[in-house]
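[1] need the 3D shape of this:
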Amino acid sequence: MSCTECGRKGGCDARKGTMFEAIEHALGRLYPGRSWNRRDEAAAFGAGLSAGEGDALARALAARLHTTAVFRAGDPDETCDYVYVQCLGRPPSLLEWREGTLDDTRASVVRAALAQAGAAGIDELYLRVALSSLARFAAVQEVAVSARSGEGDGAVLLTETPRAGVFDPMLLRRMQQLVGVLAEQQIRHLDFGEIVEPPADYDPGDYLAEWGRPPAIANYLFYPQPPATIVSTTLT
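    Predicted structure coming up:
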């Protein structure tokens, strides 16, 4: 789904070979003790992508793909920032509203659309780009975002539902364009399907106790939560 080498004999194997080498090198640098609990913070410092680069990438993607692209800084326990590229839905977007980047006039447009939608609510679809602060890596997931109004209290429940990769065929062309922009910015794209399993012979440490499963490669490089974790936010 995320490959830009379609039709080129041997292109996918060669690209994935160098990708796996880059992942192995990064994990060895960041976790020399091969343990979730023993990251080398000195090796991590300044090795990845900054918030400024993420914000610039959002602007570049918006211009190239002719759509809304929203930058969001990662949470304190995450080692990545995010760019959300809107693929389905009308501007202004739900994520712009959630992130507080809309002025009052545009925010009122979202509220009016929700009121008109009633119980059906609003559904949008995004490509979510995670940008590692530990290495110049990016990984992309398909994310559904929905908003539903509460009963009479004016509150809106906004739910972000990621999938462990990109699967919808309608996203293929936009995904290819996105990967092309990453390459121009010298950011290595990691196929998400290749980073959802634990790295071989790594000690999961206390991750098992907290999450009930060993950490995947994505967790070592981007964020601690399982890749398909659903996040709900109440907006008033």
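
[2] just to confirm, which helix or strand has Arg15 in it?
    Here Arg15, judged by DSSP states H and E, is contained in helix 11-30.

[3] name the residues of that helix that are buried.
    Judged by neighbour count (16 or more other C-beta atoms under 10 Å), helix 11-30 contains these buried residues: Arg15, Met19, Ile23, Ala26, Leu27, Leu30. Where C-beta positions appear, they are placed from N, C-alpha and C, glycine not excepted.

[4] mean confidence for it?
    Taken as a whole, helix 11-30 has an average pLDDT of 89.

[5] quick one: name whatever helix or strand follows that helix.
    helix 41-44.

[6] got the CA coordinates for that following helix in PDB?
    Provided in PDB are the C-alpha atoms of helix 41-44 (Å, rounded to 0.1, in the frame of the first residue of the first chain):
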ATOM      1  CA  GLU A  41      19.300   9.400  25.900                       C
ATOM      2  CA  ALA A  42      22.600  10.900  24.800                       C
ATOM      3  CA  ALA A  43      22.400   9.000  21.600                       C
ATOM      4  CA  ALA A  44      18.700  10.100  21.200                       C
END
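
[7] check which helices and strands that helix is in contact with.
    Secondary-structure packing of helix 41-44 (3 or more C-beta pairs under 8 Å, 6 or more residues apart in numbering; DSSP states H and E): helix 11-30.

[8] what about the strand ranked longest in the chain, average pLDDT?
    Identified as the longest strand of the chain according to DSSP state E is strand 137-149. Strand 137-149 comes out with an average pLDDT of 97.

[9] now that strand against helix 11-30, angle please.
    With axes from the mean of the first three to the mean of the last three C-alpha atoms, to 10 degrees as the basis, strand 137-149 and helix 11-30 are set at 90 degrees to each other.

[10] now Pro91. Nearest residue, chain neighbours left out?
    The shortest distance from Pro91 to any non-neighbouring residue, by C-beta to C-beta, 6 or more residues apart in numbering, is to Thr68 (5.5 Å).

[11] if we can go back for a sec, dump the buried residues of helix 11-30 to TSV, plus distance to Glu99.
    Output for the buried residues of helix 11-30, formatted as TSV (distance: C-beta to C-beta, whole Å):
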residue	distance to Glu99
Arg15	33
Met19	30
Ile23	30
Ala26	29
Leu27	31
Leu30	29
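
[12] Leu208: which of the residues you listed is nearest?
    Nearest to Leu208, judged by C-beta to C-beta, of the buried residues of helix 11-30 is Leu27 at 18.3 Å.

[13] so that closest one makes contact with Ala218?
    No. Counting by C-beta atoms under 8 Å, Ala218 is not a contact partner of Leu27; they are 11.6 Å apart.

[14] what helices or strands is the lowest-mean-pLDDT helix or strand in the chain leaning on?
    Least confident element among the helices and strands of the chain, by mean pLDDT, DSSP states H and E: helix 11-30 (a mean of 89). In terms of contacts (3+ C-beta pairs under 8 Å, 6+ apart), helix 11-30 is packed against helix 41-44, strand 188-190, helix 217-221.

[15] distance check, Leu235 against Leu102.
    Distance, Leu235 to Leu102, by C-beta to C-beta, to the nearest Å: 11 Å.

[16] contact partners of the helix holding Arg15?
    Here helix 11-30 makes contact (C-beta atoms under 8 Å, 6 or more residues apart in numbering) with 3, 5, 39-40, 43-44, 47, 134-135, 137, 188-191, 194-195, 199, 202, 217, 220-221.
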